[in-house]
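3D model of this:
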Amino acid sequence: MDMKILGIETSCDETAAAVVQDGTEILSNVVVSQIDIFAEYGGVIPEVAARSHLEAMMPVIRKALADAECTWDDINAIAVTHAPGLLGSLLIGTLTARTLAILHDKPLYAVHHLKSHVYANWLTGGHAPQFPVLALVVSGGHTQILYMPAHNKFEIVGTTHDDAVGECFDKVAKILGLPYPGGPAIAKAALNGDAHKYKLPHPKVAGLDFSFSGLKTAVLRAVQKELGLPISHPSYDLKNHLTASQVADFAASFQKTAIEILCEKLTAATEQYPDVQSVVIAGGVSANRALRDALPEAYFPTPALSGDNGAMVAAAAYYEIVSGVEPTDPYALNIYPRISVENTGTGTI
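Below you'll find the model as predicted:
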């Protein structure tokens, strides 16, 4: 088919652009991260993120085209993340994509962020997942189980009631005095810890849904108890009382528990949907080595594609195109809603 799509991603703190051919072959993939900026603050500041995107956006796109050895004449379509994410960050990406689509007369596809993460699993270069597919989306902002009977068809069958698992990693890392982002920091500390040292609870949530706020609180109470401090002792000061060994043991115990919770729900989902042929893991937490080891039969994106990137956006747009989805009007005042959610908490993307 030889279709080249430029994908643009600015949903949070990565400014990214990539050129992907036929939904599987990455011709270029450029990512400028703001992690160094926000490590000092322990999290993303939306206004700063948006300004950083504004500075980096066009240089990143130009490099993506150059790395792919493409001109605008070679690009068949432009894809951009339209939701969910930080509004200011999304605005920079969508306005850029809309302007470029108009200037270069290219069809525009506004793609849902979670759909893009799922389609990172079609960029591995090997055997593609077979339908029906169950997708476990695990990131800083989302924890969901999606059922995919075919390309571009998604049903949300499980979701978190509160914190996402990646958010929980970040908050536990803060309690332990580990740097942002919390996922990689906890995984590194856990390598030297005893995962069986502290017994932490598995929240009881009906069906295929998740809850991680209670696990975060359980870690907080366990740390306070271990240190002999009252529950009124401020969480931000606990790191000053912990030894390196205690930090490692808490990190390992928490990571083990969080992964067990994810695996339990995923196992329940496969039992509920016995027709499933493939399981794919998507989102930033999919880079976690312990999670990969716990699910050896599942599809995982390469670690470089686990985080936010433009290649996954381009891949998702490709499968929208082959599924017959019409392009987005770049002149429309609102390019956002392409998601419907029912009152039950389930829905389709």
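
In the stretch 151-300 of the chain, what residue spans correspond to strands?
For the stretch 151-300 of the chain, applying DSSP state E, counting those that start in this stretch gives strands covering 153-159, 278-282.

ok but A135 is inside a helix, no?
No: checked against DSSP: H, G, I helix; E, B strand; the rest coil, A135 lies outside a helix; its state is strand.

can you count the residues close to it?
Neighbourhood size, A135 [other Cβ atoms under 10 Å]: 28. Where you see a C-beta, it was placed from the backbone N, CA and C, and this is true even at glycine.

can you tell me which residues contact it?
Applying Cβ atoms under 8 Å, 6 or more residues apart in numbering to A135 gives the contacts V118, N121, I145, L146, Y147, M148, F154, V279, V280, I281, A282.

Against K171, how distant is the fifth one?
It refers to Y147. Relative to K171, Y147 is positioned 29 Å away (Cβ to Cβ, to the nearest Å).

Repeat that for T328.
T328 is 36 Å from K171, by Cβ to Cβ.

List phi and psi for T81.
Note on T81: its backbone torsions stand at phi -70, psi 130 [degrees, to the nearest 10].

can you list the weak-confidence ranges in this protein?
1, 34-46, 333-349 (pLDDT under 70).

Only C-alpha atoms, please: export stretch 236-250 in PDB.
C-alpha atoms of stretch 236-250 as PDB (Å, rounded to 0.1, in the frame of the first residue of the first chain):
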ATOM      1  CA  TYR A 236       6.700  14.000  52.800                       C
ATOM      2  CA  ASP A 237       9.000  13.500  55.800                       C
ATOM      3  CA  LEU A 238       9.000   9.700  55.900                       C
ATOM      4  CA  LYS A 239      11.800   9.500  53.400                       C
ATOM      5  CA  ASN A 240      14.100  11.200  55.900                       C
ATOM      6  CA  HIS A 241      13.700   8.200  58.300                       C
ATOM      7  CA  LEU A 242      14.000   5.300  55.900                       C
ATOM      8  CA  THR A 243      17.100   3.300  55.300                       C
ATOM      9  CA  ALA A 244      18.200   2.300  51.800                       C
ATOM     10  CA  SER A 245      17.300  -1.300  52.600                       C
ATOM     11  CA  GLN A 246      13.800  -0.300  53.800                       C
ATOM     12  CA  VAL A 247      13.200   1.700  50.600                       C
ATOM     13  CA  ALA A 248      14.300  -1.200  48.400                       C
ATOM     14  CA  ASP A 249      12.000  -3.700  50.400                       C
ATOM     15  CA  PHE A 250       9.000  -1.400  50.200                       C
END
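
Identify each buried residue in it, please.
For stretch 236-250, the neighbour count (16 or more other Cβ atoms under 10 Å) marks L238, L242, Q246, V247, A248, D249, F250 as buried.

Equivalent analysis for stretch 313-333, please.
Neighbour-count burial for stretch 313-333 [16+ other Cβ under 10 Å]: V313, A314, A315, A316, A317, Y318, Y319, E320, I321, P327, T328, P330.

wait, which of the residues you listed is closest to Y299?
Distance to Y299 across the buried residues of stretch 313-333 (Cβ to Cβ) is lowest for A315, with 13.5 Å.

and that closest one, what does it touch?
Remark: with contacts taken as Cβ under 8 Å, 6+ apart, A315 is in contact with G7, V20, G23, T24, S116, Y119, A120, W122, L123.

Contacts only, for the fifth one.
Contact analysis of S116 by Cβ under 8 Å, 6+ apart lists G7, E9, T81, M312, V313, A315, A316.
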